[in-house]
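J.: Provided below for reference: sequence and predicted model.
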Number of protein chains: 2
Amino acid sequence: MSAAPVGTREISRHAVRAELARVAFNRFCLTGFDQVTFADLSEAAGVSRSTFLRYFGTKEDVVLFVFDPVGGVITDALDAEPADQDDWSRLRNVLEAAVRFLVGDVQELVTILGLIEQTPALCARLREKQAEWRPEIVARLQKTTSSTDGSSVIANVRVAAALEVLWIVLGQWSASDGREDLGELLDTAFAAFSTPACRQTDAPL
Amino acid sequence: MSAAPVGTREISRHAVRAELARVAFNRFCLTGFDQVTFADLSEAAGVSRSTFLRYFGTKEDVVLFVFDPVGGVITDALDAEPADQDDWSRLRNVLEAAVRFLVGDVQELVTILGLIEQTPALCARLREKQAEWRPEIVARLQKTTSSTDGSSVIANVRVAAALEVLWIVLGQWSASDGREDLGELLDTAFAAFSTPACRQTDAPL
DNA sequence: ATCGCGGCTGACACTGAGTATCAGATTAGG
DNA sequence: CCTAATCTGATACTCAGTGTCAGCCGCGAT
């Protein structure tokens, strides 16, 4: 997926980054994202404000950098997906891969999603990342398709919808403290597309 | 839709706001959104920085406040929509209402969409507004549905997908300088949902 | 061992967004 | 015309984010 950072410098940088993020995350959860300044964070972490800012370009990145690999995970999973399925099935499976990547520690992910949910700035920045992933995913989805007409509106719509599903499902899941089954939630969410003439909004469960 | 601002103060405020936005918009298009400061804007508009900031809380709002009524337009249109149709049809029609509201001056909308597209901060803030509209729209969509089960995941997914369609369609439309037919574009986009077992991503045109 | 070099760090200064306050001008409305 | 609410501009402030610079530390080469 990504080249292993063999250089000692890279290892060090990665470790420091993780530690700074860990310290900062506690502060954010304790006091609230907007109430914490870089001065607070750097003091708590025992480094200068300059150094802290060198590791994270923005305050949002201190929380959201963990989502950075998701775009790559999705495109890789889409490449690995057999091409003889319809778009929705492939997107569903690919989202499951993304979810598996994210759910390392359940409690940690629930906490981080809660923090994001109650912080507009984090929601906004996360959606920005999501928008950055989209073009690449659309390209992969269309690559296996025989005739690529000019517009690609449909592929864009499907990918955008799938990415929305990702956050809706994760939100629902974290609201249940991580007890609900993510695979079932994905099926439920994708059922919104599989029942084209259905008027009612009931879940099939 | 919204109570007419009968007070003279409200009228004045509205007019000043429009004029400030007009002046600012030219600057943004000329120099680029990020390169223009509030000091520049206030000087160009002939008011103090304080006053300018009193009319627009953030720089993004100077551009995006025109989209504020869209949420209301959509919910109103959804209320007016006959309840005997499926969700996708209703959402399609409602989006057409939103689009009709936005397309007053074609050239102006094309310009503003272009500015937004090339300014990440504006994209992010617009998506934030979009996310604010969603709960209300979901509620209206579910109101006409007989049995509302606990989760509402499906309704959320459909509304989120429809709102994504809105921006994708507008993006495509503005890329054609407003020449393409928005109704047809909406049909094309919604075809992404109507062809559940279809593997290829071709447009039906 | 030491020298030199590249990268890391902290200190400092700076721009610009956004908030808050206050005194004075202006205007609505009786 | 008078009063009270509101608008304005000036000023000061916090904080995010950028840029610079000198000193330090580790690391490889001589």
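T.: Thanks, I have the structure now.

J.: which residues touch the most centrally placed residue in chain A?
T.: Nearest to the mean C-alpha position of chain A, counting by CA atoms, centre = their mean, stands residue A:67 at 4.7 Å. Counting by CB atoms under 8 Å, 6 or more residues apart in numbering or on different chains, residue A:67 makes contact with A:102, A:126, A:129. Glycine gets a C-beta too; all of them are placed from N, C-alpha and C.

J.: Same list (those) but as a markdown table, adding pLDDT.
T.: Output for the contacts of residue A:67, formatted as a markdown table (pLDDT from 0 to 100):
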| residue | pLDDT |
| --- | --- |
| A:102 | 97 |
| A:126 | 96 |
| A:129 | 95 |
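
J.: Might you report the residue contacts of the residue in chain A positioned nearest to DNA strand C?
T.: Nearest to DNA strand C in chain A, going by CB to the nearest atom of the strand, is residue A:51, at a distance of 2.9 Å. Counting by CB under 8 Å, 6+ apart, residue A:51 touches residue A:42.

J.: and which of the contacts of residue A:67 is nearest to residue A:114?
T.: Residue A:114 lies nearest to residue A:126 out of the contacts of residue A:67, by CB to CB, at 13.3 Å.

J.: surely the closest one meets residue A:61?
T.: No: in this structure, residue A:126 is not within contact of residue A:61 by CB atoms under 8 Å, at 10.8 Å.

J.: what about the helices in chain A?
T.: A:8-31, A:38-45, A:49-55, A:59-64, A:70-80, A:87-102, A:106-117, A:120-143, A:153-175, A:182-194 (DSSP state H).

J.: which helices and strands sit right next to the second one?
T.: For helix A:38-45, the packing partners by 3 or more CB pairs under 8 Å, 6 or more residues apart in numbering or on different chains; DSSP states H and E come out as helix A:8-31, helix A:49-55.

J.: near DNA strand C, which residues of chain A?
T.: Residues of chain A that fall close to DNA strand C, judged by CB under 7 Å from any atom of the strand: A:9, A:13, A:16, A:47-51, A:54-55.

J.: Put together CSV for these, with distance to residue B:30 on each row.
T.: Converted to CSV, those look like this (distance: CB to CB, whole Å):
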residue, distance to residue B:30
A:9, 43
A:13, 41
A:16, 43
A:47, 41
A:48, 39
A:49, 35
A:50, 35
A:51, 38
A:54, 34
A:55, 36
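
J.: from those residues, which are also near DNA strand D?
T.: Within the residues of chain A next to DNA strand C, those near DNA strand D by CB under 7 Å from any atom of the strand are residue A:50.

J.: Can I get the residues of chain A next to DNA strand C in JSON lines including pLDDT?
T.: Shown next, in JSON lines, are the residues of chain A next to DNA strand C (pLDDT from 0 to 100):
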{"residue": "A:9", "pLDDT": "83"}
{"residue": "A:13", "pLDDT": "90"}
{"residue": "A:16", "pLDDT": "95"}
{"residue": "A:47", "pLDDT": "97"}
{"residue": "A:48", "pLDDT": "97"}
{"residue": "A:49", "pLDDT": "98"}
{"residue": "A:50", "pLDDT": "97"}
{"residue": "A:51", "pLDDT": "97"}
{"residue": "A:54", "pLDDT": "96"}
{"residue": "A:55", "pLDDT": "97"}
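
J.: filter the residues of chain A next to DNA strand C to the buried ones?
T.: Buried members of those, counted by 16 or more other CB atoms under 10 Å in any protein chain shown: A:47, A:55.

J.: Relative to chain B, how far out is the residue nearest to the centre of chain A?
T.: 15 Å (CB to the nearest CB, to the nearest Å).

J.: what pLDDT does that residue get?
T.: For residue A:67, the pLDDT comes out at 97.

J.: same check, this time on residue A:150
T.: The model's pLDDT for residue A:150 equals 54.

J.: ditto for residue A:204
T.: The predicted local confidence for residue A:204 is 45.

J.: same check, this time on residue A:12
T.: 89.

J.: any low-confidence regions in chain A?
T.: By pLDDT under 70, the weakly predicted segments of chain A are A:1-6, A:145-151, A:195-205.

J.: What residues does chain A have near DNA strand D?
T.: A:8, A:36-39, A:50, A:53, A:57-60.

J.: Narrow the residues you listed to just the buried residues.
T.: Using 16+ other CB under 10 Å as the burial test, these include A:36, A:38, A:59-60 as buried.

J.: before we move on, the earlier item: any chance of the residues of chain A next to DNA strand D in a markdown table, plus distance to residue B:193?
T.: A markdown table is the format used below for the residues of chain A next to DNA strand D (distance: CB to CB, whole Å):
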| residue | distance to residue B:193 |
| --- | --- |
| A:8 | 51 |
| A:36 | 42 |
| A:37 | 45 |
| A:38 | 44 |
| A:39 | 49 |
| A:50 | 50 |
| A:53 | 44 |
| A:57 | 38 |
| A:58 | 36 |
| A:59 | 38 |
| A:60 | 32 |
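
J.: Residue A:95: which of the residues you listed is nearest?
T.: Closest to residue A:95, out of all of those and judged by CB to CB, is residue A:60, at 23.2 Å.

J.: neighbours around the closest residue to that closest one other than its chain neighbours, how many?
T.: Closest residue to residue A:60 apart from its sequence neighbours, by CB to CB, 6 or more residues apart in numbering or on different chains: residue A:125 at 4.0 Å. Counted with other CB atoms under 10 Å in any protein chain shown, residues neighbouring residue A:125 total 21.

J.: Same check on residue A:180?
T.: By the measure other CB under 10 Å, the count of residues near residue A:180 is 16.

J.: Isn't it up against residue A:172?
T.: Yes: counting by CB under 8 Å, residue A:172 is a contact partner of residue A:180 at 6.9 Å.
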